[in-house]
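Undergrad: A structural model of the following input is requested.
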Amino acid sequence: MRQWRYKKINFFQMGDSMLRLVGSLQFPPIQDCVRVLRVRPYFIQELLSEHGDEIPEDSDVIPHHSLSSVKGCFSSFANLIEYHLIWSKLPNLGNLPIDILRAPLLANLHLRKLFLKASLRKLESLLSFGDVLPQLEELNISVRRNHLHTQSAPNGSSEQAGFASLTSFLNRNRSSIRCFSFSSSDALDCTPLFRSLQRYPVLHELSLSIPTSTPHLGEPSCLSQWMSRHCPSLRTLTMNLRFVDNGLPWEESFKDWIQSFLSQVSLPELRSLKLTPGFHTESICLLVRHFANTLTSLDLSGNHMVFSEVVAVMKELTSFERGYRTEKTSKLSVLCLGPVSLFPELVDLFAETLPTLQQLDLKVKDAVPHKDEIAEYLLSRVTMTKRQSPAQIRRFFDAMRSRTYPHWTLPHITVWKSNLKAHWQYRRQYIL
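TA: Alright, predicted model coming up:
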């Protein structure tokens, strides 16, 4: 059973442990145990630097026996189901590293999850093969800036070539992909990519990371049109805000991009929306308003919100047209929110606007007996850390005991401290 310790293996930096791993992986029974492979190709650069090997750009000759052994291992993982490759801030060392890093993609037909983090130039080389991964279900593409090759070809030809290779790979494998995530470390005009992508017939979950600086992800209409093609299947949408610090204001440009994107996208079967930390309340309200008609789950965890901002979001959830009438209550069944200040008026708001809520997950920073009261903190002389006044928390409990919600049958509630580690110790019936 010792073989199962090889179920998940890492190839990061050269050392004795990696060489021992390569030796063990020469045996077929151990090769068959590998299910998850994580690679950061520092070891390739280290081996070549150590032995002074020079690789011509068109060379297929392996100049070091350790690299030959690694390639042999990567080509022998017949049961591999998950492959992670992080290839950023390292030079493009010619064809040889590409052959090694591509080997897990060509060696098996069982790969279900693929995570790639690299520059467009490296993705272009890595994905320039014609094979299909027939069982690929989850694909995560993260485009990183190529800091070591800052000069691009004229008219953006290098960028176009990278998108051409990536687009071809995505379209070849579109029939099986259920979860797709795309992000960029910098603003990137992805118009050619989204304009060329076909429909993924079984796409169920989509995650997008949007840079704050212009042009964000390119022409929003191209993204909207591609996403709208998936209206029969797409159920879950996650939108991440990627802050790019270029010294320029971005809020208005970002809001305008979101508005243009929403004006052309239609996802009538969307059920779950998650907005990661960083979104301004105005953008959150725009997104919630657009999808409120069909949402059953909303996750705003990590977005610090004051009471007036929570009220604004609840208003967007409950003021939309359904058929020929305006709904006043939401059909939401799951809400994740916080960090927020917890007080009775907030619970009242949830009970009034979310009568069908089945699960409430709150990340809180403090608890006060009234929405206009400021949290009081005491400094511990022993640990030199601050904690909220226990007396104030007790007054919050006292205020909640006087409230009852007979028509709000919330079956599951979780209240966590904002550090996500300590659970608030009080009984659910205090707020139900």
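Undergrad: now do the strands in the stretch 251-400 of the chain.
TA: Here the stretch 251-400 of the chain has its strands, by DSSP state E, counting those that start in this stretch, at 272-275, 297-299, 320-322, 325-327, 334-342, 359-367, 377-379, 386-388.
Undergrad: can I get those in CSV with distance to residue 125 and mean neighbour count?
TA: C-beta: built from backbone N, CA, C; applies to glycine. Formatted as CSV, the strands of the stretch 251-400 of the chain follow (distance: least, Cβ to Cβ, whole Å; neighbours: other Cβ atoms under 10 Å):
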stretch, distance to residue 125, mean neighbour count
strand 272-275, 33, 20
strand 297-299, 37, 20
strand 320-322, 47, 13
strand 325-327, 52, 11
strand 334-342, 40, 21
strand 359-367, 42, 19
strand 377-379, 55, 11
strand 386-388, 52, 13
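Undergrad: would you list the ones you listed in JSON lines and tack on mean pLDDT?
TA: Output for the strands of the stretch 251-400 of the chain, formatted as JSON lines (pLDDT from 0 to 100):
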{"stretch": "strand 272-275", "mean pLDDT": "97"}
{"stretch": "strand 297-299", "mean pLDDT": "96"}
{"stretch": "strand 320-322", "mean pLDDT": "51"}
{"stretch": "strand 325-327", "mean pLDDT": "49"}
{"stretch": "strand 334-342", "mean pLDDT": "93"}
{"stretch": "strand 359-367", "mean pLDDT": "91"}
{"stretch": "strand 377-379", "mean pLDDT": "87"}
{"stretch": "strand 386-388", "mean pLDDT": "85"}
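Undergrad: out of those strands, which gets nearest to residue 308?
TA: strand 334-342 (11.4 Å; Cβ to Cβ).
Undergrad: ok, and what's touching the closest one?
TA: 272, 296-302, 304-307, 310, 346, 350, 354, 357-368, 371, 375, 396, 415-416, 418 (Cβ atoms under 8 Å, 6 or more residues apart in numbering).
Undergrad: do that again at 7 Å, thanks
TA: Contacting residues not belonging to strand 334-342 are listed as 296-301, 304-305, 310, 346, 354, 357-368, 375, 415, 418 [Cβ atoms under 7 Å, 6 or more residues apart in numbering].
Undergrad: and what of stretch 385-395?
TA: Contacts of stretch 385-395 (Cβ under 7 Å, 6+ apart): 366-369, 375-380.
Undergrad: what do you get if the cut-off is 6 Å, keeping everything else the same?
TA: 366-367, 369, 375-379 (Cβ atoms under 6 Å, 6 or more residues apart in numbering).
Undergrad: burial measure for residue 28, as a count.
TA: 10 (other Cβ atoms under 10 Å).
Undergrad: let me have the strands of the stretch 251-400 of the chain in JSON lines, extended by distance to residue 68.
TA: Shown next, in JSON lines, are those (distance: least, Cβ to Cβ, whole Å):
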{"stretch": "strand 272-275", "distance to residue 68": "45"}
{"stretch": "strand 297-299", "distance to residue 68": "47"}
{"stretch": "strand 320-322", "distance to residue 68": "62"}
{"stretch": "strand 325-327", "distance to residue 68": "65"}
{"stretch": "strand 334-342", "distance to residue 68": "49"}
{"stretch": "strand 359-367", "distance to residue 68": "51"}
{"stretch": "strand 377-379", "distance to residue 68": "61"}
{"stretch": "strand 386-388", "distance to residue 68": "58"}
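Undergrad: coming back round to it: now render the contacts of stretch 385-395 as TSV, adding distance to residue 187.
TA: As requested, the contacts of stretch 385-395 are exported to TSV (distance: Cβ to Cβ, whole Å):
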residue	distance to residue 187
366	37
367	40
369	46
375	38
376	43
377	40
378	45
379	43
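Undergrad: for the residues you listed, work out which two are farthest apart.
TA: 369 and 379 (21.9 Å).
Undergrad: so which bits of the strand or helix carrying residue 125 are buried?
TA: Assigned by DSSP states H and E, residue 125 belongs to helix 120-126. Within helix 120-126, the residues scored as buried using 16 or more other Cβ atoms under 10 Å are 120-126.
Undergrad: just the closest of these to residue 4, please.
TA: Relative to residue 4, and with distances defined as Cβ to Cβ, the nearest of the buried residues of helix 120-126 is residue 126, at 29.6 Å.
Undergrad: the closest one: what's it in contact with?
TA: With Cβ under 6 Å, 6+ apart, residue 126 has these contacts: residue 102.
Undergrad: so for it, what's the pLDDT?
TA: Here, the pLDDT recorded for residue 126 equals 89.
Undergrad: with residue 169 instead?
TA: Taking residue 169 on its own, its pLDDT is 93.
Undergrad: isn't it up against residue 128?
TA: No. Residue 169 is not in contact with residue 128 according to Cβ atoms under 6 Å; the separation is 8.3 Å.
Undergrad: with neighbour numbers in mind, choose between the two.
TA: Between residue 169 and residue 128, counted using other Cβ under 10 Å, residue 169 has the larger neighbour count: 25 against 15.
Undergrad: what helix or strand is that one on?
TA: helix 157-172.
Undergrad: after that helix, which helix or strand is next?
TA: Past helix 157-172, the next helix or strand by DSSP H and E is strand 179-184.
Undergrad: how far does that following strand sit from its chain's centre?
TA: 7 Å (Cα atoms, centre = their mean, to the nearest Å).
Undergrad: same check, this time on stretch 221-230
TA: The answer for stretch 221-230 is 19 Å, by Cα atoms, centre = their mean.
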